[in-house]
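Chemist: sequence and predicted model, in that order:
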Amino acid sequence: MGNNEKFYTSHVDATIAISTSLSDAVNVGQGGVPGVPLSGFRLVGIVMPAAWTTANLTFQVSHDNVSFNNLYDRSGTEYVVAAAASRAIIIPPLDFYPFTYLKVRSGTSGTPVAQDAARTITLLLKQV
């Protein structure tokens, strides 16, 4: 890496409202770093809140912020991230590379878990 190369990091928050299991859509393709073009960011990590109603995370993804689909791996298994309160989680950036928008779900598509209070999950982004 040369001295002039920079890799910007940023974050966006996904909030799951009280008594629900799915966040609003968030744009993980734009980093929001002042002075940096708002594109080319990808999800690389998740920071869980200190309070969390026990559940893993799954996701809905979209390329256009209109049509959302549940995220599955290439073997046909729903993409699940083991989650717990106050946990920082590494996400392989290629796993979410094709998608600009996502919604975070508490639980799975078949068994969503409503949160006991509003929960804010921090999504860590890296410019690629």
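Modeler: Nice, thanks for sending it over.
Chemist: does Phe68 really touch Ala25, like I thought?
Modeler: Yes - at 7.2 Å, Phe68 counts as touching Ala25 under the criterion of CB atoms under 8 Å. Just so you know, the C-beta spots here come from the backbone N, C-alpha and C atoms, and that holds for glycine as well.
Chemist: shared neighbours, those two?
Modeler: Common neighbours of Phe68 and Ala25, counting by CB atoms under 8 Å, 6 or more residues apart in numbering, are 62, 101, 103.
Chemist: tally of neighbours for the first one?
Modeler: The reference is to Ser62. Ser62: 16 surrounding residues under other CB atoms under 10 Å.
Chemist: so it makes contact with Ala25?
Modeler: Yes - the criterion here is CB under 8 Å, and Ser62 meets it with Ala25 at 7.0 Å.
Chemist: which neighbours do those two share?
Modeler: Joint contacts of Ser62 and Ala25 (CB under 8 Å, 6+ apart) are 68, 101-102.
Chemist: lowest-confidence one in those?
Modeler: Lowest in pLDDT among the shared contacts of Ser62 and Ala25 is Tyr101, which has 92.
Chemist: now that one: how far from Gly110?
Modeler: Going from Tyr101 to Gly110 by CB to CB, to the nearest Å gives 22 Å.
Chemist: give me the more crowded residue out of the two.
Modeler: Tyr101 (18 against 8).
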